[in-house]
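J.: Got a sequence here, can you build the structure:
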Amino acid sequence: QLQLVESGGGLVQPGGSLRLSCAASGFTFGYYAIGWFRQAPGKEREGVSCISSSAGSTNYADSVKGRFTISRDNAKNTVYLQMNNLKAEDTAVYYCAATTHSWCPARTVVQNFDSWGQGTQVTVSS
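T.: Model prediction:
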């Protein structure tokens, strides 16, 4: 049974950092691209970043470029999202999701991803 479990969220002050983890099980993790999404209250779920199966390709939303870094360790079946210089507008529930392809889709949007974790809350506030 395919399962994705996010962890690492929490409360952080503006300018601070967090590292989110997405642990996968139940499928051949190393074959598939993985994305990170977030959803703030009252807003649609938006794509944040994606990493290809081999980690040879990554992409980021403009709002997080230069601040967030996606990476993966296929030996540990885990994808990470390092978030630096956090801002209040980064506050959201963060989700990881798997595609059925080894490459990241042209657009990191909900309909291009098939399996989802339960999410982890990130709150940026002083």
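
J.: Correct me if wrong: residue 4 contacts residue 97.
T.: Yes - in this structure residue 4 lies within contact range of residue 97 using CB atoms under 8 Å: 7.1 Å. Every C-beta, even on glycine, is put in place using the N, C-alpha and C of the backbone.

J.: show me where the protein has strands.
T.: Counting by DSSP state E, the chain has strands at residues 3-7, 10-12, 18-25, 34-39, 46-51, 58-60, 68-73, 78-83, 92-98, 115-116, 120-124.

J.: Relative to residue 109, which of these is closest?
T.: Set against residue 109 and scored by CB to CB, the strands of the chain come closest in strand 46-51, at 5.7 Å.

J.: Sheet-wise, list the partners of the closest one with their directions.
T.: The strands beside strand 46-51 in its sheet (DSSP bridges) come out as strand 34-39 (antiparallel), strand 58-60 (antiparallel).

J.: can you tell me which residues contact the most centrally placed residue in the chain?
T.: Note on the chain: the residue nearest the mean C-alpha position is residue 36, at 2.2 Å, using CA atoms, centre = their mean. Shown in contact with residue 36 (CB atoms under 8 Å, 6 or more residues apart in numbering): 20, 22, 47-50, 70, 79, 81, 94-97.

J.: closest to residue 123 among these?
T.: For residue 123, the closest of the contacts of residue 36 turns out to be residue 94, at 10.9 Å, with distances computed as CB to CB.

J.: how many neighbours does the closest one have?
T.: By other CB atoms under 10 Å, the residues close to residue 94 number 23.

J.: Go ahead and confirm it touches residue 81.
T.: Yes - at 7.1 Å, residue 94 counts as touching residue 81 under the criterion of CB under 8 Å.

J.: list residues touching both of the two?
T.: Residues within reach of residue 94 and of residue 81 at once, by CB under 8 Å, 6+ apart, are 20, 36, 48.
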